[in-house]
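S.K.: Quick one, fold the following:
(chains A and B)
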Amino acid sequence: MASSCSFTLHKTAVVAPGHFPVKTVITSKMASFKPTKVLLYPKLGEKVTQDTLYWKNYKAPVQIKEFGAITNIDFSPVAPHNFAVTAFTRIHIYGPFSQEPVKTFTKFKDTAYCGRFRSDGQLLVAGCEDSVVRLFDIGGKVALRMFKGHTKAVHVADFTSDRYQILTGSDDYTCRLWDLANAAELNTYQEHTDYIRCGVTSKLNRDLFITGSYDHTLKLFDARVNKSVMTMDHGQPVESVLLYPSEGLLVSAGGRYVKVWDLLKGGQPLVSLKNHHKTVTCLCLSSNGQRLLSGSLDRHVKVYSTTNFKVVHNFDYAASILSLALAPDDESIVVGMTNGILSLKHRKNPEESKELSGQQRRRPSYRVFVKGKNYVPKQDDYLVSKPVKQHLEKYDKQLKKFNVSKALDTALESWTRLKKPEITVAVVKELDRRGTLKNALAGRDEPGLSRILNFLVGNLVDPRFAPVLVPAAEMILDIYKSVIGQSPVVDRQLLRLQELLEKEIDYQQNLLEVLGMLDTMFASSIPRKEVPCSAISRSNGLAQGEARPQLQAT
Amino acid sequence: MAADAGSSPLQLPCVFSPKAQQFLALCAQDGRLRVWNTDSKTLHQEYVPSAHLSATCTCISWGPCRTAKDGPKRKKRKSEAGQVEEKADLLAMGTAAGTVLIYSAAKGALHCTLDGGHSGAVNCVQWHPEDSLLYSGSDDTNIIEWDLQTGKMRSKWKADRAAVTSLCVSHDGKLLLSAGHTIKMWDLDTKEVYRKFTGHSTAVTTLRFATTRPPDSNGLYFLSGAAHDRLLSVWQVREDGKDKNSVVSFTLTDEPQHIDLVTSNSKEEAVRLAVVCKDGQLHLFEHFLNGPCKKPLSPLCTVQMSDTKDSPVPIPLLAAALGADIRAVLLAYGNHLQPVIERVELSTSERHVCLTRDVQTSLSLSMETSISKVKTPIVNAKSRVLVPGLPGHQAPVKGTTQGSEKRKKDTDTKEMSIAERLGEIDLSSVSTEKGAPKGMASLQTDNFAVLLVQGLESNDAGILNKVFQTRKEMVIKKTVARLPLPAVLPLVEEITKRLQGHPFTAVLMVRWLKAVLMHHTSYLSSLPDLVTQLGVLYHMIESRVKMFHKLTKLHGKLYLLMTQVVTSDSSKAVAEVDHTAKLVYEEESSDEDESSGDEGLPDDDSNWEEDEAMEDDKKEQTDEEDENPDSRTESKANGDEDMEHENESEEE
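M.R.: Have a look, this model is predicted:
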């Protein structure tokens, strides 16, 4: 009953805005007030997706200066997930949150490469410029084993999945398998014809491994048959390879391309991505396998969705990127650069957001509000409804009291004005609808007027707001034309407004010319098409119809 | 390739000539040897070794200054009769191929080549201070003693298990230091190891004797620096042989690149040391070598260079030589291809000195200097062009007839980073404003198109902003014309995004859009899904121009008002215009009318009705206008009439 009554009153208020009969106003005040509707406009600029939110949810980076270019970063597979940073002649091991290395391996004669952990996190293997491969115990300092046999720098070293063998790849064009226990060379594969700079072992099969070389090829080797079983041509010197956790797909990076290969279909290329303008140097998968990250010398890290291989996010760094790693659960992003700077970004922990919500906790919880709401009255119950207090924004409160000028003032408060111009515009629109905009605008002193003018200068040409603000601007000119020239502040703002309008008109004239061009282009493209769909021709016709009078106006 | 991007493993050799420091010998990235005169600061000589690409120069050493009394060198002096005495002449250059070239600065030509000795790259060459002997250490772990009179090998011995990376001959010529796996001190007469020193884990790059005292007096010191090491260690050669560790160390900010030192002869004399680090800073030390010192010593003075731009960029120092005076230092800085040489007096009190120099102007000045002798190798058509660097990686590039030119071009484009490219655009845009030839403009737009494509591919905001900020119509047109077709649609998308902004920036984007539509009309109209591709753009423009009418009107209104304000202001400012009327017509009864129209009216009975109507109007006005004080007084003055009027209305 009560609700239907209020609805009808409500309606009358809508039908006859402006000068209500006194009675209606009182009753409507008692029943309900229709708050100003703030229109939601589509946001300009970059679309905010789930990915942007996810990848932006990192703290400001911690930067650590290393000795030289950071060529490799590897996370330990076991908790607490320390990571090994290979830079110059050293391998530093950092804890997940420490900014000082917890451990350092310095027993290298020359530049070290590719420090990688074994799957149990106990051992670390690293290649070196002096062609010797060294194996370290995480607790120790001195190399446990030295694998000698390569004749040039070793850039690739990794453990096989059975944990007892080591794969190495070198600049002497060979890759070798070593026995971990007695440091003996098990096999040598001499199939590549240039430097081997990347390689990865299968985590599921102990006999399979893949190497990428500067001879543009990727080769899948099988230790059981002593030769490569699959060769894929990348087309550029291969800098990095990555196996999917399922090991059905292989990702390779080289030149400006990132390529995805289907291993189960015999090395068929699936996708070729070209989103960098310099050589791509490193690849990484997010922990759930849904996102692929690539770092490049052009200083970007791109995040791809692995379903459609589109770039979903982009990080910018200060220098060319050589190495990249993600902590388990994407807890942190670690990037190594050519200038020796290691950049660590940690995920914002949920505790901080909890602190924010702590203030909200003091308010009555949701349960209080819904208490008794789901109670279904029985047949002979007499229902007494409690009036619900409506929450109103500040400007709405003023509007409700018919303080139009104050309502506009609240809507023009600096926070709303700058952050949410759509609210201000909505209030102006509401005032216009009521026919009281003139009253609200009139009778202002210099600061008050300059605030409005400021807002106009900022938002007048915005196509979303222009239909509302242009009449308002005209109104202001009508009201204040007698006092123009008295205040330098206001005059300056009016001059700015004039300048802006001049530019905008010039711009729109240009745009109209472009519209003309587009029309011609559309018109010429349609007859060529034998089956033009109706939607196109319709929109075209409409557009022409609209564009023409405006052109005449110019 | 990627790993090398950060740190160049090759240190470019750079040496001042001894004693007077008249020349600076430099071997730059292009494999050429250049000798600069430090007095006139000009290029003295340039020499291109015939195998400068396949076998780059790895080390240089100036021979001792020759005097007239130099006995063993009589043979050579014959060929250079009339030579000024005490002048640095011979330069020994070790190459990556294992040969040693002896170059004569006096003749400006190759003196002789010492080959057939080493099988690996030569890492260091050192002259004997008196005899015409030369020592070279190589990757093949051997040290060779060359006799320069015969040009033959005199002796050769295996020095270490690892490559010999550094050598140093003592001042009396009796001892030789070599660094390989360990630092060894050799007795040159017997070629036997005199002492062994261990401590460095990386390759030792520098060895220098710091004192001239004999080895059996506990007063002989030498210093060593290693790759990737930020300490210079000083070792004492002790009589009892208990010299296990270094006695003193000097702290640096990066690994040492060039060292100059003034040796001390006695305990009372301090050793002065100038070290240029890899990061381009110079550190000056002064220390009395008289026993061990636990703490590493920090520099007495650190010198840095920066340019004069708004955001200063450090200029790397290449080499420094100490003068006779305590604070006079000869500095070489800039790049290896064109170093700037300057003699600087450093103030004694400052611990940290930053010198600002405008390298651009000084570079161009040195460009103008004439080169006295330039020799280029004769390249035949079948020659293969090799990439500079160490031999071993066999990836030769097929050379064309203009081999050397091509190589030059290659290195130029390779070295150009994006930042440099952007900088170049700035420079060239300035020059086009001044009316540069057409060729320049086309080159620049070519760069622009490449940049634009790169920016679109990687979505790099910095590059795109830079490109889109051009205002020159010509540049925009040419860039768009050179744009490859696959990049057109991404460009349109980017433009669409940017068109939504403020009119000041959006106006620029319209130009780009127009240029795209004009140059790629046929391509765009051939697209089957043109409407869907450009639909967003179309609707955006449409919605924007919807308000064109009203905005123009508003602009007109504002324009009128503002011009009036401006004219009134200017008229006030310019001259006092006489505002008094030229002719004033005065009526006799005017005072009565002016004083009060209403008061006069009641007398006139015939107008009574009209007056009432006027009063009504006035009443309404007072209601509306918040009771204007004027009207209130009027109503008071006409109080009785109001009363009457009200009464009447009640009667009605």
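
S.K.: and the residue lying closest to B:Asp358 once chain neighbours are set aside, which of the three is it?
M.R.: Of all residues beyond its chain neighbours, the one nearest B:Asp358 is B:Thr308 (4.7 Å), with distances taken as C-beta to C-beta, 6 or more residues apart in numbering or on different chains. In this view, the C-beta of every residue, glycine as well, is placed from N, C-alpha and C. Under the three-state scheme (DSSP: H, G, I helix; E, B strand; the rest coil), the conformation of B:Thr308 reads as coil.

S.K.: ok, B:Thr308 - contacts?
M.R.: Contacts for B:Thr308 (C-beta atoms under 8 Å, 6 or more residues apart in numbering or on different chains) come out as B:356-358.

S.K.: Is it possible to get JSON lines of these that adds pLDDT and neighbour count?
M.R.: Compiled in JSON lines, the contacts of B:Thr308 are given as follows (pLDDT from 0 to 100; neighbours: other C-beta atoms under 10 Å in any protein chain shown):
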{"residue": "B:Thr356", "pLDDT": "83", "neighbour count": "13"}
{"residue": "B:Arg357", "pLDDT": "81", "neighbour count": "17"}
{"residue": "B:Asp358", "pLDDT": "77", "neighbour count": "11"}
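
S.K.: where exactly do the strands run in the stretch 301-450 of chain A?
M.R.: The residue ranges that make up the strands of the stretch 301-450 of chain A, judged by DSSP state E, counting those that start in this stretch, are A:311-316, A:321-326, A:332-337, A:341-346.

S.K.: So for A:Leu418, which of these sits nearest?
M.R.: A:Leu418 lies closest, by C-beta to C-beta, to one member of the strands of the stretch 301-450 of chain A: strand A:311-316, at 26.0 Å.

S.K.: So that closest one, near chain B or not?
M.R.: Yes - with C-beta under 8 Å from any C-beta of the partner chain as the measure, strand A:311-316 is seen reaching chain B through A:311, A:314, A:316.

S.K.: What helices and strands are in contact with that strand?
M.R.: Taking 3 or more C-beta pairs under 8 Å, 6 or more residues apart in numbering or on different chains; DSSP states H and E as the contact definition, the neighbouring helices and strands of strand A:311-316 are helix A:50-56, strand A:300-305.

S.K.: From B:Ile259, how far off is B:Ile143?
M.R.: Going from B:Ile143 to B:Ile259 by C-beta to C-beta, to the nearest Å gives 21 Å.

S.K.: swap in A:Glu247?
M.R.: Using C-beta to C-beta, one gets 54 Å for the distance from A:Glu247 to B:Ile259.

S.K.: Show me what residue of chain A gets nearest to chain B.
M.R.: Here the residue of chain A nearest chain B is A:Ala69; by C-beta to the nearest C-beta that distance is 2.6 Å.

S.K.: That residue touches A:Ala87, doesn't it?
M.R.: Yes - counting by C-beta atoms under 8 Å, A:Ala87 is a contact partner of A:Ala69 at 6.6 Å.

S.K.: List the residues that contact A:Lys219.
M.R.: A:Lys219 makes contacts with A:191-192, A:210-211, A:213, A:228, A:230-232, as judged by C-beta under 8 Å, 6+ apart.

S.K.: which of those residues tops the neighbour count?
M.R.: Highest neighbour count within those: A:Thr211, with 28 neighbours (other C-beta atoms under 10 Å in any protein chain shown).

S.K.: re the thing from before, in terms of neighbours, single out the busier of A:Ala69 and A:Ala87.
M.R.: In this view A:Ala69 and A:Ala87 are compared by other C-beta under 10 Å, and A:Ala87 has more residues nearby, 28 against 25.

S.K.: Name whatever forms a beta bridge with the more buried one.
M.R.: Per DSSP bridges, residues listed as beta-bridge partners of A:Ala87: A:Ile70, A:Arg90.

S.K.: mind listing the strands for the stretch 1-150 of chain B?
M.R.: B:14-16, B:23-27, B:33-37, B:42-47, B:57-62, B:90-95, B:100-104, B:109-114, B:122-127, B:133-138, B:142-147.
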